[in-house]
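Q: Build the 3D model from these lines:
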Amino acid sequence: MNFQESIQTLYSLINYEKTDFSYNDLKLDRMREFMSLLKRPDTHSPIILVAGTKGKGSTCYYLERILASQQKKCGLYVKPHLLTFRERLQFNGEIIQPEELAKLVTEIFPVIDYMEKHSLYGKPTYFEVSVALAFQYFKKRNADFSIMEVGLGGRLDATNVADPILTIITPISYDHTEILGKTIPKIAREKAGILRPNIPLILGLQEKKAAKTTIMRIAEHLRVPVFPLENYYSYQILNRSAKGSVFEMKSKSGREGTFSLPLLGDQQVENFLTALLSAEHLGYSPSNQQLQNLLNEAVWPGRIQIIHSSPLTIFDVAHNQASFATLCHTLRDYLGIRKAIFLLGFLTGKDFPGIAKELSQIDSQVILTTPFNPKAALPADIVHFFIPHIPHHKVINDPYQA
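A: The predicted structure is shown next:
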């Protein structure tokens, strides 16, 4: 099949995923069978699993760039994509080529058809197939490391079929509470499902004390060596602007220096340091100049991204209370914004009261619209959450009109 046919074939799996099997039904059995039929592509390179609520993708990205600066060949699996499915499968800093993806899909789909006919678990879901494609691709490219962003939760996520050499957990907050649980300890337990006995964990800064406490207790039970970021690195931001941040950092090992980072937000500094600590644990310690060189080229679309200067227009993929809090703080601290128009489209199941509360920090007008997604939340159904916090609000269903 060609590229367009392969994409259509992949997307045909989405409805199946939406209607079959709940989160707790799978227990990874189907993904294990899938990997077995594909001759275990998840075992062909060292795997690094990255879970958390915030900063997973950015941390994966920084880690890949740091290891690449040390001449390591890295596969990078991230989700979701913004413009093309190809963004999910990256190698050596480049997204997969259309013909390569088409070839992988062509190779893998006979196994999917076989499972649909003969497996007790049915055929794999869209997300399971995307993870399998990543493992297959990184195997073909002989990756030195495969960096995998965990999707929903961790314990039952398709990426968790692999046995990692290192795990990373970024900050945990409320998200997908209808699936993962309504308390931070419950969410943290699901995220900690990626831990393995005696396999090290790099633990990013946790604002929620209950998250760190839960993870540390599970790690102790599994005899997991834990390396909390705050025990090894400290930092101070010296300057914030539309050009990013200038920060000073010091490490327990004696490394110190001043760096500039073009991505907006204090959280990006923390994500970068989490990735750096991870790379150092793997035995790679770039010079300060190498680190600054890769930071100079850092690009991570959709994360408080300035897409137009006049009028100032910013694109961000915030979708829970914690990420909206970060967005609002960054708009104020880096860009001096005190007043804004927010054009918002949501999927169902989000914490709309929490999001509205964060938006009230800025003198804002909110326009609610309907995204192009079967799981879209209808503006008329959620506008009442915003009314108490945002006096100026509109419902405009058509995104183009909005």
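Q: contacting residues for the nearest residue to A322 once chain neighbours are set aside?
A: Setting aside the residues directly before and after it, A322 is nearest to S173 in space (Cβ to Cβ, 6 or more residues apart in numbering), at 3.7 Å. C-betas here are computed from N, CA, C, even on glycine. Listed by Cβ atoms under 8 Å, 6 or more residues apart in numbering, the contact partners of S173 are 53-54, 184, 187, 207-208, 211, 320-322.
Q: Identify the residue with the minimum pLDDT among these.
A: For the contacts of S173, the weakest pLDDT value sits at K208, with 80.
Q: Distance of that one relative to P353?
A: Computed as Cβ to Cβ, to the nearest Å, the K208 to P353 distance reads 18 Å.
Q: Kindly report the same for K73.
A: Separation of K73 from P353 (Cβ to Cβ): 46 Å.
Q: Now do the longest helix anywhere in the chain: everything it contacts.
A: The helix that spans the most residues within the chain, counting by DSSP state H, is helix 98-118. Applying Cβ under 8 Å, 6+ apart, the contact partners of helix 98-118 are 1-3, 5-7, 9-10, 30, 33-34, 37-38, 85-86, 89, 96, 121-124, 129, 132-133, 136-137, 140.
Q: Return the member of the contacts of S173 nearest to L378.
A: L378 lies nearest to N320 out of those, by Cβ to Cβ, at 19.2 Å.
Q: before we move on, back to that, can you tell me which of the contacts of S173 are in helices?
A: Taking DSSP H as the definition of helices, those contribute 184, 187, 211, 321-322.
Q: In the residues you listed, find the pair that's most separated.
A: The most distant members of the ones in helices among the contacts of S173, if one measures by Cβ to Cβ, are A211 and Q321, lying 14.6 Å apart.
Q: So those two - more neighbours on which side?
A: A211 (24 against 20; other Cβ atoms under 10 Å).
Q: Phi first, then psi, for the residue nearest to that one when sequence neighbours are not counted.
A: Take A211 and drop its neighbours on the chain: the residue closest to it by Cβ to Cβ, 6+ apart is I172, 4.0 Å away. When read as degrees, to the nearest 10, the backbone of I172 gives phi -110, psi 130.
Q: Wait, I172 touches E190, no?
A: No. I172 lies out of contact with E190 (Cβ atoms under 8 Å); the separation is 9.5 Å.
Q: picking that back up, so between K208 and P353, which is more surrounded?
A: Using other Cβ under 10 Å, the more surrounded residue of K208 and P353 is K208, with 18 against 14.
Q: In contact with the more buried one, which residues?
A: Taking Cβ under 8 Å, 6+ apart, one finds 171-173, 184, 188 in contact with K208.
Q: R155 now?
A: Taking Cβ under 8 Å, 6+ apart, one finds 189-190, 192-194 in contact with R155.
Q: one step back: closest one to T258 out of the contacts of K208, please.
A: P171 (24.3 Å).
Q: ok, that closest one to G336 distance?
A: For P171, the distance to G336 - Cβ to Cβ - is 25 Å.
Q: Looking only at neighbour counts, state which of those two leads.
A: Neighbour comparison, P171 and G336: the larger count goes to P171, with 25 against 11 (by other Cβ under 10 Å).
Q: which residues of this structure score low on pLDDT?
A: Counting by pLDDT under 70, the chain shows low-confidence ranges at 15-27, 175-182.
Q: picking up where we left off before, which among the contacts of helix 98-118 end up buried?
A: Burial by neighbour count, 16 or more other Cβ atoms under 10 Å: within these this picks out 3, 6-7, 9-10, 30, 33-34, 37-38, 85-86, 89, 96, 121, 123-124, 129, 132-133, 136-137, 140.
Q: Which of those residues fall in helices?
A: Short answer: those in helices (DSSP H) are 3, 6-7, 9-10, 30, 33-34, 37, 129, 132-133, 136-137, 140.
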